[in-house]
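> Quick one: sequence plus predicted model below, questions after.
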Amino acid sequence: MLTKTIAARACLVRLRAEKPFKNSPLPLPLQRGVTLIELMVGMALGLLVVATAMGSLMLSRGISGTVSDASNIQQQGAYALRVIGQQMRQAGSMRLNLSPGTATAGDPFIAPVAIEKSAPSRDTGANAFDPSTDTIKEDGGKLSIGYRRYAEPSFSNASSEVYAMRNCVGAPTDASKDERIENIFEFNATTNELRCGGNNAPAQPLINNVAQFQVRYIIQDNSAGPSKINITNAAGVGRWGRVQAVEVCMVLYGNETVDMPDGSSYTDCAGNTVNMTTLSGARARRMHLLFRNVFQLRSQGLVEPT
């Protein structure tokens, strides 16, 4: 009897599992899905999140590119002015002669010294140096800066002398017979490069993305009345020995395109207002920065020719 009761209950459970009764007290398995509307709402929310993230990423990328571009322009401008200034501050310098011909024998610490007046060429084809004509000049848009080249005792071996001074491209070599360190700066408007050469070394690009390069010369005029300072271009210099200082100005542009509102402009080296929205080619929609510095020349390089 007990066996039949257990078998009947097992059969009832199996039947309820396969086809549950309507009023069955046993819990029924529940299955739920999503409707088409719910699915579309979920996809729309997901796409909105993705679009917001992409917009934030693009905005961050644009800001990062602009900051990096401005930093690169600043570095290029600072480097160019540092190279030009390093050579400009030495312009016209001469060798200090510790044993001039007029020195008398005796204590070397009280022996007279002299600064050379000029340095004639020592070999055919080698350049000489005359501070009255070779300190600074401009010819055909090329700025030339010169100073005396000579050997000095080296730190490692005081008995030997080496040529430690070099121009903007590392010339001349120790074997050169040149008496003048020569730096020639020129602006190539075709490639938008500021180039430098000298001492028979080929000109090499110093910086690129140069929109404008301008050099003006500061002259002290004592001809009449109180002393006056005049700023002029190369055509108005007359005698280069009168130049007291040099003003270097350049405008550089970046590589990243930027969104410019109407009327965006900058002031160039000549003081003119340039509408940046009208620029074309490599300068279109680019950041532009102006750099300007004044370098004073050495007094011994300002000897007037007789």
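Done, it's in. Numbers count the residues shown, from 1 in each chain.
> What strand or helix carries residue 182?
Per DSSP states H and E: residue 182 is located in strand 180-188.
> helix or strand for the spatially most central residue of the chain, which one?
By Cα atoms, centre = their mean, the chain has its centre lying nearest to residue 76, at 0.4 Å. In this structure, residue 76 sits in helix 36-88 according to DSSP H and E.
> Likewise for residue 231?
Short version: residue 231 belongs to strand 228-232, going by DSSP H and E.
> For that strand, buried residues please.
By neighbour count on 16 or more other Cβ atoms under 10 Å, the buried set for strand 228-232 is empty. To be clear about C-beta, it is placed using only N, CA and C from the backbone, and glycine gets the same treatment.
> Check which residues of the helix or strand just after that strand are buried.
Next helix or strand after strand 228-232 toward the C-terminus (DSSP H and E): strand 243-257. Neighbour-count burial for strand 243-257, counted by 16+ other Cβ under 10 Å, picks out 243, 245, 246, 248, 249, 250, 251, 252, 253, 254, 256.
> could you dump the residues you listed to CSV with pLDDT?
As requested, the buried residues of strand 243-257 are arranged in CSV below (pLDDT from 0 to 100):
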residue, pLDDT
243, 89
245, 93
246, 95
248, 97
249, 97
250, 97
251, 97
252, 97
253, 96
254, 93
256, 87
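> ok, residue 123 to residue 229 distance?
Look at residue 123 and residue 229: by Cβ to Cβ, to the nearest Å, they are 41 Å apart.
> contact partners of stretch 212-231?
138, 143, 187, 194, 232-234, 236-237, 242-251, 268-270, 294 (Cβ atoms under 8 Å, 6 or more residues apart in numbering).
> Pull up the distance across that stretch, start to finish.
Start to finish, the residues bounding stretch 212-231 are 19 Å apart (Cα to Cα, to the nearest Å).
> That stretch: which residues count as buried?
Buried, per 16+ other Cβ under 10 Å, within stretch 212-231: 212, 213, 215, 216, 217, 218, 219.
> Tell me the pLDDT of the third one.
Residue 215 is assigned a pLDDT of 96 by the prediction.
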